[in-house]
Structures are given as C-alpha cells and as structure tokens.
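Peer 1: can you look at this prediction? I've put the sequence above it.
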Amino acid sequence: MKSFPLTGLRAMAPADVPHPKIEQPTDVLVRMGAVGVCGSDIHYYSTGRIGSQVVEYPFTVGHECAGTIEQVGSQVTHVRPGDRVAIEPAMHCGHCDQCLRGRPNTCRSIRFLGCPGQAEGSMSEFLVMPGENCFKLSDEISLEAATISEPLAIGIYAVEQSRLAAGDKIGILGMGPIGRTVLLPAVRHGCAASYATDKIDERCAAAKSAGATWVGNPLQQDIVAAIGELEPLGLDIVFECCGQQDAIDQALQLLRPGGTLMLIGIPEVARVSFDAETMRRREISIINVRRQRGCVEKALQFIGENRADIEALITHRFPFSDSRAAFDLVADYREGVVKAMIDFTA
C-alpha cells in the first residue's frame, strides 16, 4: 500500500509499505478516507520532536482520521465492513492504575497514532486499529467532518475540565483548530463573553464569525490592555491554545483573582515559565489538558448538530499524493489556514 512518511526535517515522500493485517480478534482494518493535519504533526515535521518524543526516520505521522471499515476481527460486533467510522487515535491498555481510575488519557502504556515510539500514524491507505477506537458515523456526517471529532473532543473536554459556568467570561489565545474547537462548545455552553486572539488576521475574522465576542491580533495591539478596558475585573477562564510563552504571560495578566488558566497548546520547547508572583497573589488555578477523556461521542453528536460550524474549520484540501504541500502550508501558516485536510478519495 501507499504511505507518506516523514523522511527528514521538513521532508516527506511517498513510499510502498506492507499492507497491514488484522492480528487480534478485537481489531479492525480501515481504509483511510480523510486525515486532518494537526499542529503536533507539524512539530514532528518541522523540528523532528515534541519534548522527549523524537522521530526516527522514516516515520508516518497523522492521527485526525476517518475511513471505511474493510475487515473486522472475530470479536468485533459494533461495526462491520462498509461502515464509515471516526477513529480515536489513543489506544490505552485498560488495566494500569490510570485506566482503572477512569483516566485512559494518561494510561501508563498508551499508544497514540503518529507518536514516535508508540504507533505509526494514519498517513497511509490502510490502518489496523482496535475496534473500540472506531465510532460508526451517522449518514449526515462526512468523513472530513468526522476527522474533526478528534480536536473537537479535546475542546469539549477542556471546557468540561474548566468547569465553565453560564455567565463566565473567557479568553481563548490562539484560534487555530484547537482554539476554534474550544470556542464552539464554550459558546453553546453559555459563556457571557469570549475574547479571542491570534496572530493571523484571517483566523481572527473567522473567530468573530464563529461567535467570539471580541477578537484581537497581539502583533497589532496590546491585547491585555484592550481586553482590560472591556473587562476591568478580569476574565474567569483563559484557554491557552497555541503553546507560546507570550500567550501564557498574557493569560496570567488577563485572569481575575481566583481565575483558571487552561493549558492546551503544545509548546515546541521542553520548558516554559510562569510569573509566580501573579499566580500567587491572584490565586490562579492552572489545569493541564491531556488530549481528551470520553468525549468522542459527544464530539460526533456536536458535529451532527452543527455541521456548518464544523465544516467551516476546513479551509484547505489536498489529495493524498500532494500531502507535502499540505504540511508546508500549515507549517508556514500561509493563506489563513485553520485546518488542512488530506483527501484519500481524490
């Protein structure tokens, strides 16, 4: 089958690799239909690593994916050949202390698609997955929209973990795919006001269209001062969605005493810093978000009910044969890209 692995820094090339086969009775074989290019894929593409996870070439990334079931193991009953499915890319062991505590997202032996040292990714024509990681799609959800269930599940989980209450005022720093998938459920949940920022003007405009109360570009204005004029008492919750030090600094200044900082973005560096005095004096709570926990079905329901909002996230489409162009576009933040989609059916 055809695959499109990374072959070096900012390098990837098509390759012929062995066709995967079902080996466990609980597994399924999926023909890939669509893969979304994620920011973590771009970290591996551009820098070859995220923290301690270092790429050994060649390596296939990709984890936001959906496809059609080709074959099922003997113990799989909830899906069958021909079913279209969204794929949850995190494969947990089910028996470690974290799994037994209901925390599969921090499983001690987790395997994640496209994560070095864990599992090859979805940038291939076929993929074998545990059946429990495949969620059957309703007719109204396209394969492209289904790939958004992965980042949307993270956004829904982040909003749940933040304990957002109706009437809260929030900030979202970074309006790429994760920022947008935080904004959508937060607005539906009834936040009183949402202040969104991004360094790309097109993303700011899209955030406004998606329901943000106020948007600003930190390259063009002092967003702390601007939001402070509108909300002099500060924000209840700030979602940091870009993994940048300057956004973390801004978040702490934007929060009211007793506010909550949600860290969702993945920094390219191993260490970031926090203003300890500001955190202590304001008694700021900091919550890290590790992917998601039990939110895939909620995400698919949200997609079914809000298809136009979800499909608006997909700004660019590429055939599988042109995958490198998609990665370059996202890596360089060109053309106001939010979500680039790889179409395996083109």
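Peer 2: Thanks, I have it.
Peer 1: for the spatially closest residue to Thr213 that is not a sequence neighbour, phi and psi?
Peer 2: Nearest non-adjacent residue to Thr213, counting by C-beta to C-beta, 6 or more residues apart in numbering: Ala193, 4.4 Å away. Bear in mind the C-beta positions are built from the backbone N, C-alpha and C, glycine included. Reported as degrees, to the nearest 10, the phi and psi values for Ala193 are phi -160, psi 140.
Peer 1: quick check: bridge partners of Ala193?
Peer 2: Ala193 has these beta-bridge partners by DSSP bridges: Lys169.
Peer 1: separation between the residue nearest to Lys21 when sequence neighbours are not counted and Val72?
Peer 2: Closest residue to Lys21 apart from its sequence neighbours, by C-beta to C-beta, 6+ apart: Val128 at 7.1 Å. Going from Val128 to Val72 by C-beta to C-beta, to the nearest Å gives 11 Å.
Peer 1: next, show the common contact partners of these two.
Peer 2: Common contacts of Val128 and Val72, defined by C-beta atoms under 8 Å, 6 or more residues apart in numbering, comprise Ile22, Asp27, Val28, Leu29.
Peer 1: what's the next secondary structure element after the helix or strand hosting the residue nearest to Lys21?
Peer 2: Here Val128 sits within strand 126-130, counting by DSSP states H and E. Remark: after strand 126-130, the chain's next helix or strand is strand 134-136, criterion DSSP H and E.
Peer 1: stretch 132-145: end-to-end distance?
Peer 2: The first and last residues of stretch 132-145 sit 20 Å apart, counting by C-alpha to C-alpha, to the nearest Å.
Peer 1: typed the wrong thing, it's stretch 266-282
Peer 2: End-to-end for stretch 266-282, by C-alpha to C-alpha: 25 Å.
Peer 1: do stretch 316-330 as well
Peer 2: Separation of the first and last residues of stretch 316-330 by C-alpha to C-alpha is 10 Å.
Peer 1: shaky segments in the protein?
Peer 2: Scanning the chain for pLDDT under 70 picks out no residues.
Peer 1: who are the neighbours in contact with the one residue sitting closest to the centre of it?
Peer 2: The chain has Pro151 as the residue nearest its centroid, 3.2 Å off, counting by C-alpha atoms, centre = their mean. With contact taken as C-beta under 8 Å, 6+ apart, Pro151 is in contact with Gly36, Cys38, Glu64, Pro177, Ile178, Thr181.
Peer 1: again, but for Gly336
Peer 2: Ile200, Asp201, Glu202, Arg203, Ala206, Thr315.
Peer 1: kindly recompute the last result at 7 Å.
Peer 2: Taking C-beta atoms under 7 Å, 6 or more residues apart in numbering as the contact definition, Gly336 lies against Ile200, Glu202, Arg203, Thr315.
Peer 1: doesn't Lys339 make contact with the third one?
Peer 2: Yep, that's Arg203 we're talking about. No - taking contacts as C-beta atoms under 7 Å, Arg203 lies outside contact range of Lys339: 11.0 Å.
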